[in-house]
Structure formats: C-alpha cells, structure tokens
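Trainee: model this:
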Amino acid sequence: MNAAAILAAAREEAYATPLDTLDMSDPARFAAGKQLPFFERLRKEAPVHFQPNGLYGPFWSITTYKDIMATDTNHKVFSSSHGITLVEPRSEELKAPMFIAMDPPKHDDQRKAVSGIVAPGNLANMEELIRSRTIKVVEALPVGETFDWVQRVSVNLTTQMLATLFDFPFEDRNLLPHWSDVATTVGLDEAAMDAREAELQKMLKYFIGLWNQRVNAPPKTDLISMLAHNPATRHMPPREYMGNLILLIVGGNDTTRNSMTGGLKFLNEFPGEYDKLRANPALIPNMVSEIIRYQTPLAYMRRTAIQDFEVGGKTIKAGEKLAMWYVSGNRDETAIPDADRFIIDRKNVRNHLSFGFGIHRCVGNRLAELQLKILWEELMKRHPRIDVVEQPTRVPSSFVNGYLSMKVKIPA
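Mentor: A predicted model of the protein is given here:
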C-alpha cells in the first residue's frame, strides 16, 4: 500500500473512531504511519482532548499550533520536572533525571554546561569534518542496487557525529545508536524492561569510565569533559548522569537520523519538489527546515500542570499530564498554509514546532540543520536522484517519529 492509500484508510478509521476512545499515545498508529488523520480530526473537533484511559495513564492532548506554543512557553505553569514522555518510571529508584526534564534554575545551569559545544564558533570548526565524512559515505553508496538508506546513511552519519561530540572511542561508536534505541523503547513487559535497565547500566558503566578519564584531565570541548568540569554538573549522582547521557544521545541521534531518512522519502512522494531541487540546489537550506517540520522527529513533549489552568477553553488541573503534539501542530492549516504539502521553498519555513519553544528549545538545532544541509549538498553533486523502492518500516513509538529501515536505489 502506498503512502496515499495508507492515509486514505487512516482517515476513514480516524473519523469512525469515537472521540472518547481515541488514544494518541498508542504506538501502533505511528508504526503503521497513519497518525496524521487522527490529529487532523482532533484539531477540528477536540483540539484540547482528554483521554482518561490512555495506554500510559490519563492525559490531555494539545494539538493546535497556537495552544502548543502557549503551553510550551509557559514553564511556570507547565512543568517538565515529572518527565518529558507520557510513560512513568516503574519506581523512584529507576528515574533518570535529565536537564530537559527539569525546571529553572537547575535546568538553566545544566543546559548551559553543554551548550558551548554547539556555539557558532564550534560549529564552524566541525563543518569540515562533517563534510569530509559525508562525502566518504555518499561516494561509497552503491549504484544500481537496492540498499537500506537508514543504516547506510542516516545511522552511519549520525553515529559518527555522536562519537565526535562525546569524544567517544570511534571503534565502539555503534554502541551509541544501540543505546539510543534501548533508551527510547517503552511499553514492554517486565522482563523486557529489566533487560532495558540492564543495558542502560552497561551504558552508564562505560560512560563512568570516560568521565573518570576526563575529570582528571584538563578541560576539553567534548560533552563529557564539559559535564565533568562544570560546577553545575560535576557532582551529579549516577542516575542523573545517566539521564543526561540519554538526553544527549537521543537528542543527537533521533532528530537528525530520522530527518535524513524523511527528507528522501518526502522528495519521492512530491516529485515536483525533487525536480525543483535539482533545478536549484540553492534551496537546500530552506528545504532542510521544511524536512524537519514535515518529519517532526519527536512527535510530542510532555508537561505536567502545577496549577489549574485553562487551555483552549478546557481546564487542565494541577497534577494532570499533557502531550504537546508537535507532529500535529506542524500540520495545523490555521498556522501553516498548505501544511500537508512538502514545499521546499516554503516561506517562513523556520516557524515550525519540531525543536520546541521557550526555555527547552532544542539546544542542538543548528547542528542538526548543518548536518542535513551538508548531506543534501553532497548528494545533489553526486546522486541527484535516489528512488525509494518500498514503504519504510517505522519505529513503533508515539514519541520517536522515525524509521527502522527504508529500501532505496540509485539509478545506474
């Protein structure tokens, strides 16, 4: 079934489903690639929607651009300190605090500890390395045979970048996407969650070894050294170190990795835009922002109300959790004209929600854009056409909006 047929069937299902049973936290909809018509219906009929029997407990869905923006920028009412996903930890002992799941002032101090790695000067210093690695990967792509774009390009490039950001042993770099996948796996049985925790403990043990090396050496510009030498983070307990590692690994992996795959998928679905790109590669920087909007690599962020507050005419009570569905806000026609179309020369293209807004706006957004820009610049020089030959296999998650594999072919 092609993308259009999947959406048509999903739209029929979406409008036939009783609103009170509609649970957007169900990962099955995302795995099937049919989530968007359900959000379309919510925006029209219940833009602030309460689900009392969600897969991960009761929660509110915020689905319009306007309401998401108002919620995301109001950190005094909507707290991050209870977590950024709808999934609750099995116990207090298994919590892994991370700075994106903190409120000021601790959030601000810990974020500042690592933000220097994506400062403009540091990005400029990394650009040559990113480009040389990208050229090597692009030039090694096979012509005339089918291969998996996700593993060959998206995972490969983002893994190399992660290893650089952490100054991680390059020969062990494939552990990083593995741990990213483990960290974002949720909704499994007890045995599987025990196995997940065991893997994360292995990750922590490995990174404690790197911490001990860096803390006893002069400060450097990698993430571990920054954490080890900054007063706000150098005395973190182990679970907090684990939480921040998960944040930095997932943040450095999923946004870029899934946008690298999504971009090629969208150009194949909108061949007129692919023609437009071939005719004018100068559109690449603008296209990168459109890819990130259209993909929305993280589908939502959770907040928890710390006082009763009205959003969209509904009262969210203190203690209730809500999902700001970025993936829905980015398709809101009232804020983004022709939002369901992928348009590489779209005006005001950076006004998307994918990086969030307010104090929690993605710290690495410029690095993600740089990696995507370089990839498409080098692809267009060498492989101006790449065909997607079958529908991608998607991640079974309502949080990570991504891909496990996508088969493609470069015409001879």
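
Trainee: could you list the low-pLDDT ranges of the stretch 1-150 of the chain?
Mentor: Where the stretch 1-150 of the chain drops to pLDDT under 70, the residues are 1, 90-94.

Trainee: now the strands for the protein?
Mentor: Counting by DSSP state E, one finds strands in the chain at the ranges 48-51, 59-62, 78-79, 146-148, 301-305, 309-311, 314-316, 321-324, 387-388, 393-394, 403-405, 407-409.

Trainee: would you reformat those strands as TSV and include distance to Phe270 and mean neighbour count?
Mentor: Backbone N, C-alpha and C define where each C-beta goes, glycine included. Output for the strands of the chain, formatted as TSV (distance: least, CB to CB, whole Å; neighbours: other CB atoms under 10 Å):
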stretch	distance to Phe270	mean neighbour count
strand 48-51	30	21
strand 59-62	28	26
strand 78-79	35	22
strand 146-148	22	15
strand 301-305	28	23
strand 309-311	34	16
strand 314-316	36	17
strand 321-324	27	25
strand 387-388	12	16
strand 393-394	19	18
strand 403-405	18	18
strand 407-409	16	19
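
Trainee: so for Pro120, which of those strands sits nearest?
Mentor: Minimum separation from Pro120 across the strands of the chain (CB to CB) falls at strand 301-305, 25.8 Å.

Trainee: which outside residues touch the closest one?
Mentor: 59, 71-72, 77-86, 316-324, 326, 356, 360 (CB atoms under 8 Å, 6 or more residues apart in numbering).

Trainee: same thing but at 10 Å, please
Mentor: For strand 301-305, contacts defined as CB atoms under 10 Å, 6 or more residues apart in numbering pick out 25, 56, 59-60, 62, 68, 71-72, 74-75, 77-87, 100-101, 311, 315-326, 353, 356, 360, 399.

Trainee: now intersect those with the helices, please.
Mentor: Mapping these onto helices (DSSP state H) picks out 68, 71-72, 326.

Trainee: nearest to Lys205, of the strands of the chain?
Mentor: With CB to CB as the criterion, Lys205 lies closest to strand 403-405 of the strands of the chain, at 27.2 Å.

Trainee: what mean pLDDT does that closest one get?
Mentor: The average of the pLDDT scores along strand 403-405 is 96.

Trainee: other SSEs contacting it?
Mentor: Applying 3 or more CB pairs under 10 Å, 6 or more residues apart in numbering; DSSP states H and E, we find strand 403-405 packed against strand 146-148, helix 238-269, strand 393-394.

Trainee: ok, 7 Å please
Mentor: Helices and strands touching strand 403-405, by 3 or more CB pairs under 7 Å, 6 or more residues apart in numbering; DSSP states H and E, are strand 393-394.

Trainee: adjacent strands (with direction) for the strand it packs on?
Mentor: strand 403-405 (antiparallel) (DSSP bridges).

Trainee: got the contact list for the strand it pairs with?
Mentor: 148, 150, 258, 261, 392-395 (CB atoms under 7 Å, 6 or more residues apart in numbering).

Trainee: how many residues are close by the nearest residue to Met126 once chain neighbours are set aside?
Mentor: Nearest residue to Met126, sequence neighbours excluded (CB to CB, 6 or more residues apart in numbering): Thr164, at 7.1 Å. Neighbour count for Thr164, taken as other CB atoms under 10 Å: 19.

Trainee: do Phe270 as well
Mentor: 16.

Trainee: give the full set of residues in contact with the nearest residue in space to it that is not next to it in sequence.
Mentor: Using CB to CB, 6+ apart and skipping the chain neighbours, the partner closest in space to Phe270 is Phe342 (4.7 Å). Each residue near Phe342 by CB under 7 Å, 6+ apart is listed here: 266, 269-270, 273, 290, 294.

Trainee: give the contact list for Pro271.
Mentor: Per CB under 7 Å, 6+ apart, neighbours of Pro271: none.

Trainee: so how far is Val388 from it?
Mentor: 11 Å (CB to CB, to the nearest Å).

Trainee: try Glu128
Mentor: Counting by CB to CB, the gap from Glu128 to Val388 is 30 Å.

Trainee: one more: Leu404?
Mentor: Counting by CB to CB - Leu404 and Val388 are separated by 14 Å.

Trainee: cool, and Tyr56?
Mentor: As defined by CB to CB, Tyr56 lies at a distance of 32 Å from Val388.

Trainee: quick check: Met260 touching Ser154?
Mentor: Yes. With contact defined as CB atoms under 7 Å, Met260 reaches Ser154; the gap is 4.1 Å.

Trainee: ok so, going back, where's the dip in pLDDT among the contacts of strand 403-405?
Mentor: Looking at those by pLDDT, the weakest one is Val395, with 92.

Trainee: Gly402 is in contact with that one, correct?
Mentor: Yes. Under the criterion of CB under 7 Å, Val395 is in contact with Gly402, at a separation of 4.3 Å.

Trainee: and Val150, what is it in contact with?
Mentor: Here Val150 is in contact with 261, 403-406 (CB under 7 Å, 6+ apart).
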